[in-house]
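Novice: quick one, structure for this:
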Amino acid sequence: MHLSLTVGVGGNRSKAGKTTFIENFIKFIKGIYHEVFVIAVKYTKTSLYSSITKESSVINIKGKDTERMKTAGADIVYWVKAREEDLPEVVDKLKEDIFSYLQNDERPRIIIIEGNSMVKALQPDVIIFFKDKSEESYKPSAKAILEIADIVIKDEYSMEDIMKDIEEIQRRKLIEKHLKERSNNGKITCSEARKIAEDLDVPYIEVGKMANELKIKIRSCELGCF
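Specialist: Numbering: from 1, shown residues only. Below is the predicted model of the structure:
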């Protein structure tokens, strides 16, 4: 897996399994990458006032989702409460605070975000959506995340399979990003395409397939790599 990474977790309703997944995800990641720096963000919609806190006296209240995330191994946990109309400003402040922690830190990092509206606002690298069998109608925020989710979880899952899916999504998005950045007028040279594959340590054919999907033509092809 390429680190750093942002993961958003949403769902069709509360108690769909989001926080339990985040707990397990943090434990799994920390078990593999001992040096990784994990930031967890819990979002709660409110109609009263907006706030951002990472104070331990608030985060570590027994039984709270934030305490569960911290106990699982998150290095920093934020609890963000915001009115819908305040969300853009609150997100900007959250980004500034996170950046202040990370700007001089060379460690790989993972940011995990829980809450449909916050996921949509922060646009993470990978979006996971929990869709249980509830017949409740979906809120607009849930529908919006379901439409853009990379992974939809309906039943039991294994963390190993989820990690494989995340790695595949990361790889595809990285290839797509590099192809778009290096192509010109819908074209890219074979040498540039090969360099993308080598830089990302992926087979040439994966770059070729993504170029086809993006309708980017690989010109001056060498040795039939693509």
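Novice: I'd say D125 and I111 touch.
Specialist: No: using Cβ atoms under 8 Å, D125 is not in contact with I111, being 9.1 Å away. For the C-beta atoms, the positions are set from N, CA and C on the backbone; glycine is no exception.
Novice: and for those two, which residues touch both?
Specialist: Common contacts of D125 and I111, defined by Cβ atoms under 8 Å, 6 or more residues apart in numbering, comprise L5, T6, V7.
Novice: for the first one, name its beta-bridge partners.
Specialist: Legend: beta-bridge partners of L5 under DSSP bridges are I110.
Novice: count of neighbours near it?
Specialist: 19 (other Cβ atoms under 10 Å).
Novice: buried set for stretch 55-66?
Specialist: I59, K64, D65, T66 (16 or more other Cβ atoms under 10 Å).
Novice: format the CA atom coordinates belonging to it as PDB.
Specialist: What follows is stretch 55-66, C-alpha atoms only, in PDB (Å, rounded to 0.1, in the frame of the first residue of the first chain):
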ATOM      1  CA  GLU A  55      -8.600  17.600  23.700                       C
ATOM      2  CA  SER A  56      -8.100  14.300  25.600                       C
ATOM      3  CA  SER A  57     -10.700  15.200  28.200                       C
ATOM      4  CA  VAL A  58     -13.300  15.200  25.500                       C
ATOM      5  CA  ILE A  59     -11.900  12.600  23.100                       C
ATOM      6  CA  ASN A  60     -11.400  10.000  25.900                       C
ATOM      7  CA  ILE A  61     -14.800  10.000  27.400                       C
ATOM      8  CA  LYS A  62     -15.600   6.300  28.000                       C
ATOM      9  CA  GLY A  63     -17.900   4.700  25.400                       C
ATOM     10  CA  LYS A  64     -17.700   7.600  22.900                       C
ATOM     11  CA  ASP A  65     -16.700   6.700  19.300                       C
ATOM     12  CA  THR A  66     -13.700   9.000  19.600                       C
END
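Novice: tell me the mean pLDDT for it?
Specialist: For stretch 55-66, mean pLDDT is 95.
Novice: cool, stretch 150-165 as well?
Specialist: 93.
Novice: can I get it as PDB, trimmed to CA atoms?
Specialist: The C-alpha trace of stretch 150-165 is given here as PDB (Å, rounded to 0.1, in the frame of the first residue of the first chain):
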ATOM      1  CA  ASP A 150     -15.100   2.900  -4.100                       C
ATOM      2  CA  ILE A 151     -16.000   0.000  -1.800                       C
ATOM      3  CA  VAL A 152     -19.600  -0.900  -0.600                       C
ATOM      4  CA  ILE A 153     -19.800  -3.300   2.300                       C
ATOM      5  CA  LYS A 154     -23.100  -5.100   2.700                       C
ATOM      6  CA  ASP A 155     -22.200  -8.200   4.700                       C
ATOM      7  CA  GLU A 156     -19.300  -9.700   6.700                       C
ATOM      8  CA  TYR A 157     -15.900  -8.800   5.400                       C
ATOM      9  CA  SER A 158     -12.300  -9.600   6.100                       C
ATOM     10  CA  MET A 159      -9.800  -6.800   6.700                       C
ATOM     11  CA  GLU A 160      -7.300  -8.600   4.500                       C
ATOM     12  CA  ASP A 161      -9.700  -8.400   1.500                       C
ATOM     13  CA  ILE A 162     -10.500  -4.700   2.300                       C
ATOM     14  CA  MET A 163      -6.800  -3.900   2.300                       C
ATOM     15  CA  LYS A 164      -6.300  -5.700  -1.100                       C
ATOM     16  CA  ASP A 165      -9.200  -3.600  -2.500                       C
END
